[in-house]
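Visitor: Show me how the following folds:
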Amino acid sequence: MLFLSLAGLIAGIGQGECDAVSSPVAMDGDPSGCAAFVAEARQLAAQGEAAGHLALGKYRHFGTCLQPDPEAARRHLLKAAELGLLCAPVVLETLREPTAGDAEMEASEVFRQCAFSLTILFDKSEAERMLGATVKPADIPRGMKQALDRMFDTVQHSPTDTFEIAKSYVGRGNLTDLRRAALSWLKTLARRESPIRPHVQYYLAKLSAGEGGDLVSEADGHMWLGFAARDGRVPEAQRDFALAVRRSWNDKQGQIRGYAWLLVARRNGLDVSAEMRDMRMGLDDVDLEAAEVISSGLVHGN
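Guide: Numbering: from 1, shown residues only. Presented below is the predicted three-dimensional model:
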């Protein structure tokens, strides 16, 4: 019941609706359905689900299903924002006049993150339009427009800063639109020529084997690792690609080619002595000479 109702709630957040869930399912002894709905919303919130915090925040803010409690509403809405629902209208509208002190700083951070999410999902004009449709311009905290401008400039002109920002969002545990949008920017950076391109490619490769396995497939991770290795500027990528080649080929040719990649990594200053010792087991002098020849043509797109 809750998941169906919350699905409807989340589907409506882009429409600027600020009422609570319109029609909770009625239960025996609870014509409005509120008791059961609130109980399940609390259960979801306890499990760290953004939708549960959003529902409870709406109830506390508007006094539907629960007694009005502005501070409790603020806590739940900030948590929903932290967990990914950064641009839900009810979050922005409730936090548009933050109190002094820490709460004001928290609310400003929510708006800053929302600006970033809108900017990377859409272009600047669309981000401004969406933000303006969510809250009236007069209600936007001072500096929000400037923050949006700065964030847009960052993602357009500072690949290093964008890389760090995007990594911080991809690293979140929840699979949110913001997380996927940050991933799309990482892929853009991985294709765009810049000094950090191979580092972004290597990061995408590592994502496939770690916290981002739900975003980057194993095959795509292998592809990005190969790109980073061939670029020549990230010896760690060359080491990891050597091991990946050995595993995927699983024959003597794969062993020779893997050893060649380790030679490249060593030339780039990485200590791969242990890996080379393991990789050369079973290779004779002819094989090692072949690896030397192969290694000379592996980087820079060869």
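Visitor: alpha carbons only for contacts and neighbour counts from here, please
Guide: Fine.
Visitor: Helices along the stretch 151-300 of the chain, start to end?
Guide: Using DSSP state H, counting those that start in this stretch, the helices of the stretch 151-300 of the chain run over residues 159-170, 177-191, 197-208, 218-231, 235-249, 252-267, 273-279, 285-295.
Visitor: give the contact list for the closest residue to residue 291 other than its chain neighbours.
Guide: The shortest distance from residue 291 to any non-neighbouring residue, by C-alpha to C-alpha, 6 or more residues apart in numbering, is to residue 260 (4.6 Å). By C-alpha atoms under 8 Å, 6 or more residues apart in numbering, the contact list for residue 260 reads 242, 291-292, 294-295.
Visitor: Redo these as a markdown table? Include pLDDT.
Guide: Below are these laid out as a markdown table (pLDDT from 0 to 100):
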| residue | pLDDT |
| --- | --- |
| 242 | 95 |
| 291 | 94 |
| 292 | 94 |
| 294 | 94 |
| 295 | 93 |
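Visitor: Most neighbours among those residues, which one?
Guide: residue 242 (28 neighbours; other C-alpha atoms under 10 Å).
Visitor: For stretch 219-233, buried residues please.
Guide: 221-233 (16 or more other C-alpha atoms under 10 Å).
Visitor: between those, which is closest to residue 195?
Guide: The closest of these to residue 195 turns out to be residue 233 (C-alpha to C-alpha; 8.8 Å).
Visitor: So which helix or strand of the protein has the lowest pLDDT on average?
Guide: helix 2-11 (a mean of 32; mean pLDDT, DSSP states H and E).
Visitor: For the stretch 1-150 of the chain, which residues score under the pLDDT cut-off?
Guide: 1-33, 81-150 (pLDDT under 70).
Visitor: Let's see that with 50 instead.
Guide: Scanning the stretch 1-150 of the chain for pLDDT under 50 picks out 1-29, 31, 97-101, 105, 120-122, 133-144.
Visitor: same deal with the stretch 201-302 of the chain?
Guide: Applying pLDDT under 50 to the stretch 201-302 of the chain flags residues 301-302.
Visitor: which residues touch residue 280?
Guide: 255-256, 259, 288.
Visitor: let's see it at 10 Å
Guide: Applying C-alpha atoms under 10 Å, 6 or more residues apart in numbering, we find residue 280 in contact with 255-256, 258-259, 287-288.
Visitor: Select from those the one having the most neighbours.
Guide: residue 259 (31 neighbours).
Visitor: Go ahead and confirm that residue touches residue 295.
Guide: Yes - taking contacts as C-alpha atoms under 10 Å, residue 259 lies within contact range of residue 295: 8.4 Å.
Visitor: so what sits against both of these two?
Guide: Common neighbours of residue 259 and residue 295 (C-alpha under 10 Å, 6+ apart) are residue 265.
Visitor: related to what we said a few turns ago, with distance to residue 80 as added columns, please give the buried residues of stretch 219-233 in CSV.
Guide: Below are those laid out as CSV (distance: C-alpha to C-alpha, whole Å):
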residue, distance to residue 80
221, 31
222, 35
223, 35
224, 33
225, 35
226, 38
227, 37
228, 36
229, 39
230, 42
231, 41
232, 42
233, 40
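Visitor: that older thread, tell me the two of the contacts of residue 260 that are most distant?
Guide: 242 and 292 (13.7 Å).
Visitor: what touches both of those two?
Guide: 256-257, 259-261, 263-264.
Visitor: which one among those residues gets closest to residue 72?
Guide: Nearest to residue 72 among the shared contacts of residue 242 and residue 292, with distances taken as C-alpha to C-alpha, is residue 261, at 56.9 Å.
Visitor: leaving aside the residues next to it on the chain, what's closest to the closest one?
Guide: residue 242 (5.1 Å).
Visitor: so residue 191 makes contact with residue 197?
Guide: Yes - using C-alpha under 10 Å, residue 191 is in contact with residue 197, at 7.0 Å.
Visitor: Neighbour count for these two, which is higher?
Guide: residue 197 (24 against 15).
Visitor: any idea how far the more buried one lies from residue 239?
Guide: According to C-alpha to C-alpha, to the nearest Å, residue 197 stands 18 Å off from residue 239.
Visitor: what's the answer for residue 39, then?
Guide: Taking C-alpha to C-alpha, one finds residue 39 at 52 Å from residue 239.
Visitor: Surely residue 61 touches residue 53?
Guide: No - using C-alpha under 10 Å, residue 61 makes no contact with residue 53, being 11.9 Å away.
Visitor: Between the two, which contacts overlap?
Guide: With C-alpha under 10 Å, 6+ apart as the test, residue 61 and residue 53 both reach 73, 76-77.
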